[in-house]
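J.: Have a look at this prediction, sequence included:
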Amino acid sequence: MARKLKIRDLTLRDGQQSSFATRMNQAQIDRCLPYYKDANFYAMEVWGGAVPDSVMRYLNENPWTRLETIHKAVGDVSKLTALSRGRNLFGYSPYTDEIIDGFCRNAIESGLGIMRIFDALNDVNNVKSTIKYVKQYGGIADCAVCYTVDPKYPEPTFFQRLMGKKKPQPVFTDAYFLDKAKQMAALGADMITIKDMSGLIPPRRVATLVKLFKQHISIPVDFHTHCTPGYGLASVLAAIVAGVDIVDTNCWYFAGGTGAPAIELVYVFCKKLGIDLGVNMEAVAKINVELREIRKELNQSVFGTEKPEPKPFDPLKDKLPKEVEALFDAAIEAAKRDDEAATIDACRKIEAYFGFPAPNELVQKAEIPGGMYSNMVAQLKQLKAEEILPRAMELIPSVRLAAGLPPLVTPTSQIVGAQAVNCALDEKAGRAMYTNKSSQFVGLVKGEYGKTPVEIDPEFRFKICGVREETPYDTSKYQMQPNPELPEAGGVKLAADEKEVLLLELFPLVAKGFLTNLKKKAYEASKPAEPEVAPAPAAPVAARPVITGNAVTAPLPGRIIEIKVAVGDQVKADQEVLVLEAMKMENSITTDYAGTVKQILVAPGETVPTDAVLIEVE
C-alpha cells in the first residue's frame, strides 16, 4: 500500500499574504471555491494571520463572513485552518481566557476545523488556553514550534577575549525544539508543526527534526516553510523523505519566492517516490486558471505593475524535458543520501527552469524573515533614512539578544526590527541607544509577552522598563473596548453581537472604523429616500494654526492612536502626551517641555508625517 502524505493548501491565507499583501477580496475567493470543493486537500488555511485585519482595513469586508462563506462552499471536504498567536490570538496583546474562549467557540461554529497555535517566544504556557478551548469546542489543536536560528554574533575583540568574554552558547538546538514539541503534545496537541516562517531551515536540519519528532511523539508532524532564502523546495523534499505526515504548499501562481513551495512540484516528487497525496490535481489546474487572472488583478491594484509569473505547468498534461526530469531524480537521490548541497542545487535549478524567483541572498545571509527585512526597508524609506539600513541590520543581533533572544516571527520580528531602526536613528542623531522605544518593546523586555528563551539582564530591563523583576502581563487588569451607541446610525450599538465584540477586542482601531461604517450604511439604507437638495457651499479652508509656544512633533510618520492630555492640562517635561502607531508599533510621544497644553493639532486615527506638529505647550 502506497504511503500517504497530506497536503495543507495555504493559497487563500499565507499564499496571498506572502505575495499579494492579503488583498484578495471575497469575489476573487468565491471564483476559486467550486474547484477547491473538488480538490480534496486535507486542509485549507483560509483565516487568521493578517486576513481578519486586512479584509476590514483594505477591503471593507467582514472577517467572519470570509470564514463562513468558504465553509459553506467547501463543506467538510477540507478542514479549514486559521493561524493564531496563542494568548495574543490575531492581535498584539495578551487576552483573557474569556476572550480566547469566545473567539475559539465562534471560529469553530463558523466552520473552522484546525487552529494552528503558536507563540512568538515559543513559551508553551501561552498556548495552553487556546489548546483547551479549541478541543473543548470540537476543533483540532495544531501546535507550532517556531523554528529560528542563533544570531551571528560579532567575534569578541582581543581585549574582550582578554577579559574573558566569550560568544554566547547556542540556544536553538535540536533538543530545544524537541522539548517544545513534547511539552505541547503533553498539553493535548493533536498535531505538531515545524513552523519555519522565515524559510531558514536547510534540508538536513528539517530531516533531523522530523525524525526526532516522529521518534519521540506519537501525533502527526506537519512542515511549514517559505522559499525566500532558497531552501523551501529542497527542505520540503527532505522532510518528505524523512517521513513527515503533512506538508504546506501553495497552488502554482501563488507559490515560490516569498511563499511556500508549489503543490505541483511536490506532486512530481511524490509520484516518483510512490507517495499518494490524495489531491485531485485536475481541480488544482482549474484553481490555477482563476489564480492566474487574480494574480494579474492583484499585481495591478496592489503593486501597479506586472510581476513576472512562473511558466504555466500542469503535471497531469505537460511532459518535462529530459534534463528537468533528471533534476527531479537527482534531487530525490540526493535527499535520500542526505547530500544537502546536491539537494539544494537540484531544487534551485528546477525552480529556475519554471521561472520562480531566485533566492534572496541578503535574507539568507542575514537570517531574518523576508517580511521583516522588507518592512524595515519600507519604514526607512518613509523616514527618508535608507542610508541607516546597514547599521540597523547590524544591530538586530544585539537588540534581539538584549531582549531575551526571541524567535523572529510576528509580532517579535516587528518589535525587534523596529527597535533596531530606532536604535540606529538614535545613534545617528547623537542620542543614547534606546532613547526611542516602542511600548511593545518595553512590554517584551518587561515580560508581558511571556518567557524569553534566555534571561534578560535585570539592569537592561530597568533601563527600558523602570523595573528589574520580570513582570508578566496581568490579565485581571484587562479592560474591554468601549461599545458605545452610534447616534449617526440611529442609536444602535457599535458592536451588535459577540462576533463583532471580538473584532473590536482584537483590532480596536480598524474594527471601530469598519463597524461604524457598516452601521451607518445600514441605517441610511433603512431610511426613506429624501428629496435632493442643493449642495452646501464648500467650507473655507482653515488657516494653518499659529504656533507661538513649544511644539511637540512626530519623530516618524504614523497614525495617532491616543491623545493622553487635553487643552489646559499642566504637563511636565518627559510626560507622555500621545501614542503614535508607526512601523506597526505603538510609540509613546513625550514632551520635552513643562507647561500648559495650548493646542492639540491632531485627532485619533489621523495619519501624520515626520516632524508634524502634534501639540503646542506654552
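T.: Arrived safely, thanks for sending. Numbers count the residues shown, from 1 in each chain.
J.: which phi and psi does the closest residue in space to residue 23 that isn't next to it in sequence have?
T.: Leaving aside its chain neighbours, residue 23 sits nearest to residue 302 (5.0 Å; criterion: C-beta to C-beta, 6 or more residues apart in numbering). To be clear about C-beta, it is placed using only N, CA and C from the backbone, and glycine gets the same treatment. For residue 302, the backbone dihedrals (degrees, to the nearest 10) come out as phi -90, psi -50.
J.: which residues does residue 302 contact?
T.: 20-21, 23 (C-beta atoms under 8 Å, 6 or more residues apart in numbering).
J.: measure it to residue 22 for me?
T.: 10 Å (C-beta to C-beta, to the nearest Å).
J.: Which of the contacts of residue 302 scores worst on pLDDT?
T.: Ranked by pLDDT, those bottom out at residue 21, which has 82.
J.: Pull the contacting residues for residue 358.
T.: So residue 358 contacts 230, 352 (C-beta under 8 Å, 6+ apart).
J.: And it, how far from residue 448?
T.: 40 Å.
J.: do the same with residue 96
T.: To residue 448, residue 96 is 14 Å away according to C-beta to C-beta.
J.: got it, and residue 319?
T.: Distance from residue 319 to residue 448, counting by C-beta to C-beta: 57 Å.
J.: Please identify the buried residues of stretch 179-195?
T.: Across stretch 179-195, burial judged by 16 or more other C-beta atoms under 10 Å covers 180-185, 187, 189-195.
J.: can you list the residues you listed in CSV and add distance to residue 232?
T.: Shown next, in CSV, are those (distance: C-beta to C-beta, whole Å):
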residue, distance to residue 232
180, 22
181, 21
182, 27
183, 27
184, 24
185, 26
187, 29
189, 25
190, 25
191, 21
192, 20
193, 15
194, 13
195, 13
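J.: one step back: tabulate the contacts of residue 302 in CSV, adding columns for neighbour count and distance to residue 399.
T.: CSV is the format used below for these (neighbours: other C-beta atoms under 10 Å; distance: C-beta to C-beta, whole Å):
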residue, neighbour count, distance to residue 399
20, 21, 30
21, 15, 26
23, 18, 31
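J.: Of those, which belong to strands?
T.: Among those, none falls in strands (DSSP state E).
J.: Mind listing what's buried along the helix or strand harbouring residue 46?
T.: Applying DSSP states H and E as the criterion places residue 46 in strand 43-48. Across strand 43-48, burial judged by 16+ other C-beta under 10 Å covers 43-48.
J.: With respect to residue 37, which of those residues is nearest?
T.: residue 44 (10.3 Å; C-beta to C-beta).
J.: ok, now which ones touch residue 489?
T.: 516, 519-520, 522-523.
J.: Using CSV, lay out these together with neighbour count and distance to residue 315.
T.: Compiled in CSV, those are given as follows (neighbours: other C-beta under 10 Å; distance: C-beta to C-beta, whole Å):
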residue, neighbour count, distance to residue 315
516, 15, 49
519, 22, 49
520, 15, 50
522, 13, 48
523, 15, 53
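J.: Filter the residues you listed down to just the ones in helices.
T.: 516, 519-520, 522-523 (DSSP state H).
J.: where are the low-confidence patches of the chain?
T.: Applying pLDDT under 70 to the chain picks out residues 91-92, 153-154, 158, 370-371, 374-375, 529-544, 582-585.
J.: Just the CA coordinates for the host helix or strand of residue 499, please, in PDB.
T.: Here residue 499, judged by DSSP H and E, is contained in helix 498-506. Extracted as PDB, the C-alpha positions of helix 498-506 are listed here (Å, rounded to 0.1, in the frame of the first residue of the first chain):
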ATOM      1  CA  GLU A 498     -20.400  38.600  20.200                       C
ATOM      2  CA  LYS A 499     -18.500  38.200  16.900                       C
ATOM      3  CA  GLU A 500     -18.400  42.000  16.400                       C
ATOM      4  CA  VAL A 501     -17.400  42.500  20.000                       C
ATOM      5  CA  LEU A 502     -14.500  40.100  19.400                       C
ATOM      6  CA  LEU A 503     -13.400  42.100  16.300                       C
ATOM      7  CA  LEU A 504     -13.400  45.200  18.400                       C
ATOM      8  CA  GLU A 505     -11.200  43.500  21.100                       C
ATOM      9  CA  LEU A 506      -8.700  42.100  18.600                       C
END
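J.: Relative to the whole chain's centre, how far out is it?
T.: Computed by C-alpha atoms, centre = their mean, to the nearest Å, the chain-centroid distance of helix 498-506 equals 20 Å.
J.: what's it in contact with?
T.: Applying C-beta under 8 Å, 6+ apart, the contact partners of helix 498-506 are 52, 56, 63-64, 89-91, 95, 99, 102-103, 106, 110, 480-481, 483, 494-495, 511-512, 514-515.
J.: how close does residue 455 sit to residue 383?
T.: Residue 455 is 33 Å from residue 383, by C-beta to C-beta.
J.: Compare the two (neighbour count), which wins?
T.: Comparing residue 455 with residue 383 by other C-beta atoms under 10 Å, the one with more neighbours is residue 383, at 17 against 11.
J.: show me the contacts for that one.
T.: Residues in contact with residue 383 (C-beta under 8 Å, 6+ apart) are 421, 425, 556-557, 610.
J.: Please flag which of those sit within helices.
T.: 421, 425.
J.: Check the contact between residue 396 and residue 417; I expect there is one.
T.: Yes - distance between residue 396 and residue 417: 7.0 Å, which falls inside the contact criterion (C-beta atoms under 8 Å).
J.: Okay, angle between the host helix or strand of residue 513 and helix 498-506 too, please.
T.: Element membership of residue 513, judged by DSSP H and E, is helix 508-526. Counting by axes from the mean of the first three to the mean of the last three C-alpha atoms, to 10 degrees, helix 508-526 lies at 140 degrees to helix 498-506.
J.: Need the CA coordinates for helix 508-526. CSV is fine.
T.: Extracted in CSV, the C-alpha atoms of helix 508-526 (Å, rounded to 0.1, in the frame of the first residue of the first chain):
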residue,chain,number,x,y,z
PRO,A,508,-9.7,48.2,18.2
LEU,A,509,-9.0,50.9,15.7
VAL,A,510,-9.6,49.1,12.5
ALA,A,511,-12.8,47.4,13.7
LYS,A,512,-14.2,50.6,15.1
GLY,A,513,-14.0,52.3,11.7
PHE,A,514,-15.3,49.2,9.9
LEU,A,515,-18.2,48.6,12.2
THR,A,516,-19.2,52.3,12.3
ASN,A,517,-19.3,52.5,8.5
LEU,A,518,-21.3,49.2,8.4
LYS,A,519,-23.9,50.5,10.9
LYS,A,520,-24.2,53.9,9.2
LYS,A,521,-24.7,52.3,5.8
ALA,A,522,-27.4,50.0,7.2
TYR,A,523,-29.1,53.0,8.8
GLU,A,524,-29.0,55.1,5.7
ALA,A,525,-30.4,52.2,3.6
SER,A,526,-33.3,51.8,6.0
